[in-house]
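>>> Structure for the following, please:
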Amino acid sequence: MKLQWLGHSCFLIESSEGVRVITDPYKAGAFGGALSLGKIHDRADVVTVSHEHDDHNAVGQVPGNPLIMRASGSAKGVDFHVLDVFHDTTQGSERGRNRIFQFAIDGIGIVHCGDLGHDLSASQTAHLRGWSADVLLIPVGGFYTIDAAAADRLSDALAPSIVIPMHVKHAKVNFPIAPVEEFLKRRKQVKRVGSSCVEITSDSLPATSETWVLEPAM
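Numbers count the residues shown, from 1 in each chain. Sure, this is the predicted structure:
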């Protein structure tokens with residue numbers, strides 16, 4: 001499996017058979033240019049959308065004719081599971097609902113948290129534990145989503161092999177959110193990959209949980 005961080009909460013995940021999944025595509029230049037990541041040029045077979053905001057639902061900017069997943073279901077031989085949660089701490093009254101997606105590529109379970117905005121309940125956490133979660137894609141920047149402390153708690157609770165932080169402030173994301181370092185200070189095993197893309201196989205998964213820091217491609 002190849003996994004590339006295009007930027008923000010958008011990842012391109014490609015199977016060994018060439019099935020390509022893009023998560024939460026953003027609208028380039030959205031929010032008055034606060035999101036200045038480049039336009040998405042990568043083709044996808046399937047696109048997942050966690051919620052209906054311009055930095056997560058710009059499906060029209062993804063080349064090809066992808067199938068759009070906003071609920072549990074199957075597409076291109078991949079089963080997608082959704083846990084409905086909220087984008088805030090007030091049951092969605094501020095920012096609405098959010099979907100956590102789980103799916104497996106090449107036998108590797110991936111959980112994409114979207115813009116999760118609250119600590120999960122015990123039952124929600126137990127539900128996620130019932131899914132295969134080898135790779136956890138989790139927002140850590142706070143303000144619009146859970147912050148570094150909450151992300152650290154959820155990462156520990158799920159204990160995936162690999163935690164990849166997303167939705168953080170950097171040169172091309174000028175939102176009032178924290179940079180990734182706030183999260184990394186809480187993590188024990190941190191690996192700075194130095195690129196946007198990694199290849200992951202079942203055999204190469206770390207024996208104990210590691211946090212991998214990618215560079216945005218766009």
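>>> Specify the beta-bridge partners of residue 101.
residue 82, residue 112 (DSSP bridges).
>>> Wait, it touches residue 109, no?
No: the pair formed by residue 101 and residue 109 falls short of the contact definition of Cβ atoms under 8 Å, at 11.2 Å. For every residue, glycine as well, the C-beta is placed using N, CA and C.
>>> Quick check on the two: which one has the bigger neighbour count.
residue 101 (24 against 17; other Cβ atoms under 10 Å).
>>> For that one, give its distance to residue 68.
Residue 101 is 12 Å from residue 68, where distance means Cβ to Cβ, to the nearest Å.
>>> do residue 86 as well
Distance from residue 86 to residue 68, counting by Cβ to Cβ: 21 Å.
>>> Looking at these two, which one has more neighbours?
Each of residue 86 and residue 68 has its neighbours counted (other Cβ under 10 Å); residue 86 has more, 19 against 14.
>>> Can you point out the buried residues in stretch 149-160?
150, 151, 152, 154, 155, 158, 160 (16 or more other Cβ atoms under 10 Å).
>>> Let me see the ranges of the helices in this structure.
122-129, 148-158, 181-184 (DSSP state H).
>>> Show me the one of those helices that comes nearest residue 37.
Among the helices of the chain, the nearest to residue 37 by Cβ to Cβ is helix 181-184 (19.7 Å).
>>> what helices or strands is the closest one leaning on?
Helices and strands touching helix 181-184, by 3 or more Cβ pairs under 8 Å, 6 or more residues apart in numbering; DSSP states H and E, are helix 148-158, strand 210-213.
>>> Can I get it in PDB? Just the C-alpha atoms.
Output for helix 181-184, consisting of C-alpha atoms alone and laid out as PDB, is shown next (Å, rounded to 0.1, in the frame of the first residue of the first chain):
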ATOM      1  CA  GLU A 181       4.800  19.900  17.400                       C
ATOM      2  CA  GLU A 182       2.200  20.300  20.100                       C
ATOM      3  CA  PHE A 183       1.100  16.800  19.400                       C
ATOM      4  CA  LEU A 184       4.600  15.300  19.000                       C
END
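>>> any idea where the strands of this structure begin and end?
2-7, 10-14, 20-23, 46-48, 67-69, 73-75, 78-86, 97-105, 108-112, 135-139, 162-166, 190-192, 197-199, 210-213 (DSSP state E).
>>> Show me which helix or strand of the protein is least confident by mean pLDDT.
When the helices and strands of the chain are scored by mean pLDDT, DSSP states H and E, helix 122-129 comes last with a mean of 93.
>>> now that one and helix 148-158, what's the angle there?
Angle, helix 122-129 to helix 148-158, by axes from the mean of the first three to the mean of the last three Cα atoms, to 10 degrees: 60 degrees.
>>> Next, the angle strand 135-139 makes with helix 122-129.
Going by the same axes, to 10 degrees, helix 122-129 makes 140 degrees with strand 135-139.
>>> So which elements touch helix 122-129?
strand 78-86, helix 148-158.
>>> Give me the contact list for that helix.
83, 85, 100, 102, 111, 120, 154, 157, 158 (Cβ atoms under 8 Å, 6 or more residues apart in numbering).
>>> Pick the one among those residues closest to residue 200.
residue 111 (13.8 Å).
>>> Low-confidence ranges, the chain, go.
By pLDDT under 70, the chain has no low-scoring segment.
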